[in-house]
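Undergrad: for reference, the sequence and a predicted model appear below.
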Amino acid sequence: MKKPLLQQILIFALFFLNITHANAQNVLNKDEIEKYLNAMPQIRQLAETYEKNLGEEQKTLPGQDEISSFSMTPLTDSLEEIRNLPTYEDFLKIIKSVGFNNPEEWASVGDRVMMAYSAFQLKNPPNQSSPDLNKLKDTLTDDLENLKKNQFISIEQKQYLINKLQKSIALLNDPNYINSRNIPVIAPYVERLGSLLRNTNDTY
């Protein structure tokens, strides 16, 4: 069953961003955002074509089931894996056709766009059923306390989950993330980006 879009955004925000490296981010500009958004449908199409040729056992991405590390730059961190894909040359053509000079520039912009988008969603819940920032903090704090009392999981697994929840809570209190200067910059693009992400989520 597919997770709701906001839930996927929260997962991205809470479990892919490393608060220990949360420095002030470079401010996005409209040209960078437009280039990133224009590349998204083409990259999705390329991914769809590639996935059709994979066996079922190959369709689970590394790290999809278990996230063992945290990163403020998930797209940048994925570049080595992207370079090893047979679709890399086609990927290069796409990002250069929209105006990016190289994969590093595309990934840097994408990291900042997605961080700002996830923070915007946390500060501006899209509907009444979506958790606001304070409610989410309370929920995570409760989850952490309940997890500490859990007697039915191994010590290693418990510590792993505790670390993730603690970093998630710290992230939500980190002004470099939740008050990023890129949040108001991304605001006019939120609806468009949300539509592109929904289409992407429907694909996988």
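TA: Now that the structure is in, tell me what you want to look at. Residues are numbered from 1 along each chain as shown.

Undergrad: and the host helix or strand of Glu81, what does it pack onto?
TA: Secondary structure assigned from DSSP states H and E places Glu81 in helix 79-83. The helices and strands touching helix 79-83, judged by 3 or more CB pairs under 8 Å, 6 or more residues apart in numbering; DSSP states H and E, are helix 103-123. (Each C-beta comes from the backbone N, C-alpha and C, glycine too.)

Undergrad: following element in sequence after the helix it packs on, please.
TA: Assigned by DSSP H and E, the successor of helix 103-123 is helix 133-149.

Undergrad: separation between Ile43 and Ser129?
TA: Distance check for Ile43 against Ser129: by CB to CB, to the nearest Å, it reads 31 Å.

Undergrad: may I have the phi/psi pair for the residue in the chain sticking out farthest from the centre?
TA: Largest separation from the mean C-alpha position in the chain: Gln151, at 31.6 Å (CA atoms, centre = their mean). Dihedral pair for Gln151: phi -100, psi 0, per degrees, to the nearest 10.

Undergrad: pLDDT wise, what is it at?
TA: In this model, Gln151 is scored at 91, pLDDT.

Undergrad: distance of it relative to Lys158?
TA: 9 Å.

Undergrad: just give the closest residue to Gln100, not the sequence neighbours.
TA: Quick fix: residue 100 reads Phe, not Gln. In space, and not counting its chain neighbours, Phe100 is closest to Trp106: 4.4 Å by CB to CB, 6 or more residues apart in numbering.

Undergrad: verify the stated contact: that neighbour with Ile94.
TA: No: under the criterion of CB atoms under 8 Å, Trp106 makes no contact with Ile94, lying 9.1 Å away.

Undergrad: what's the overlap in contacts for these two?
TA: Taking CB atoms under 8 Å, 6 or more residues apart in numbering as the criterion, Trp106 and Ile94 both touch Ala39.
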